[in-house]
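Q: I would like to see how this sequence folds:
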Amino acid sequence: MIALTHQPSPNMQACERTFVPVLPIDFDLAVQQHAAYCQALADCGAKVRTLAVNAALPDCSFIEDTAVVTSEVAILCSMGTPSRQAEPAGIEQVLREYRQVERILPPATLEGGDVMRMGRRLLVGHSSRTNAAGIAALNMVAGRFGYRVTSIPVRGSLHLKTACTALPDARLLVNPAWLDVALLADFDLIHVPPAEPWAANLCLVGDAVLLPAAHVQTAELISRLGFEVRRMDISEFSKAEGGVTCLSLIFA
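A: Have a look, this model is predicted:
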């Protein structure tokens with residue numbers, strides 16, 4: 001299991017924000033939190049590779065958005081905001097060490113935080129960062145490898161994975177306020193506690209579930225389901241509208 005991560009940018013304060021207020025980010029603390037996150041990935045069995053190729057770009061630590069990596073191909077994304085458009089090209093050479101590479105090109109937009117793989121199915125958020133053309137372009141590429149793409153409109157949150165991620169048993173943890181759960185009728189759903197609307201974003205690493213330390217009720221809920229939970233302090237990345245999945249690209 002490979003986990004690509006990216007060092008936080010010293011320009012992180014200038015990162016994009018859509019659904020969160022602009023608050024001061026403690027860069028030194030962000031660096032410490034990122035190091036702890038990378039160590040947690042390693043402790044869970046991942047081979048962690050931390051990049052620095054996009055260090056001048058404020059959102060570079062959110063490497064998940066730059067590509068969709070399946071067993072067969074790495075699909076470079078076309079970012080949904082101008083300040084992030086250079087990020088995918090920065091990691092292309094690294095991805096070529098592991099996969100053949102395909103590209104989504106403008107005016108199509110697609111960000112990896114909107115793409116959740118469930119077996120041979122890709123659930124794709126139609127969001128403020130991923131448009132219909134991007135979903136169609138992903139369908140064309142992924143379809144060649146036998147994947148079925150399902151579009152899920154997202155409202156009130158940045159990406160699909162802000163509102164929905166998978167548990168180890170393939171049940172989905174969701175915030176029903178931010179997407180139409182009727183489109184997820186094929187899955188068993190677990191709702192986040194109402195007091196923790198941002199808690200639907202969790203990261204699976206081996207048998208472990210990583211989630212932000214701030215989401216205490218959700219951590220207790222997942223523990224009661226029988227899963228190993230590792231709580232991560234990512235407060236500075238939360239201020240940048242990032243979650244635990246955003247900080248890595250994980251693939252076998």
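
Q: how about L221, what does it touch?
A: Contact analysis of L221 by C-beta atoms under 8 Å, 6 or more residues apart in numbering lists I190, P193. All C-beta atoms are positioned from the backbone trio N, CA, C, and that covers glycine.

Q: can you rerun that using 7 Å?
A: Counting by C-beta atoms under 7 Å, 6 or more residues apart in numbering, L221 touches P193.

Q: now the element after the helix or strand hosting it, going C-ward?
A: Element membership for L221 (DSSP states H and E) is helix 216-224. As assigned by DSSP H and E, the chain's next helix or strand after helix 216-224 is strand 228-232.

Q: chain neighbours aside, what residue packs nearest to L110?
A: Excluding the flanking residues, the one nearest L110 by C-beta to C-beta, 6 or more residues apart in numbering is G134, at 3.4 Å.

Q: tell me the SS of the one you found?
A: Under DSSP: H, G, I helix; E, B strand; the rest coil, the three-state class of G134 is helix.

Q: sorry, back to before: list the buried ones in the helix holding L221?
A: Neighbour-count burial for helix 216-224 flags T218, A219, L221, I222 (criterion: 16 or more other C-beta atoms under 10 Å).

Q: hang on, the second one packs against L211?
A: So that's A219. Yes. Contact between A219 and L211 holds when scored by C-beta atoms under 7 Å: they sit 6.1 Å apart.

Q: what do the two both touch?
A: Both A219 and L211 are contacted by V229, R231, under the criterion C-beta under 7 Å, 6+ apart.

Q: what are the pairing partners of the strand or helix carrying V101, and which direction each?
A: V101 belongs to strand 100-103 when elements are defined using DSSP H and E. Using DSSP bridges, strand 100-103 pairs in its sheet with strand 73-76 (parallel).

Q: helix or strand right after the strand it pairs with?
A: As assigned by DSSP H and E, the chain's next helix or strand after strand 73-76 is helix 87-95.

Q: the helix holding L221 versus strand 228-232: what angle between them?
A: Here helix 216-224 runs at 160 degrees with respect to strand 228-232, directions being taken by axes from the mean of the first three to the mean of the last three C-alpha atoms, to 10 degrees.

Q: just the buried positions in whatever helix or strand comes next after the strand holding V101, please.
A: As assigned by DSSP H and E, the chain's next helix or strand after strand 100-103 is strand 115-118. By neighbour count with 16+ other C-beta under 10 Å, strand 115-118 contains the buried residues V115, M116, R117.
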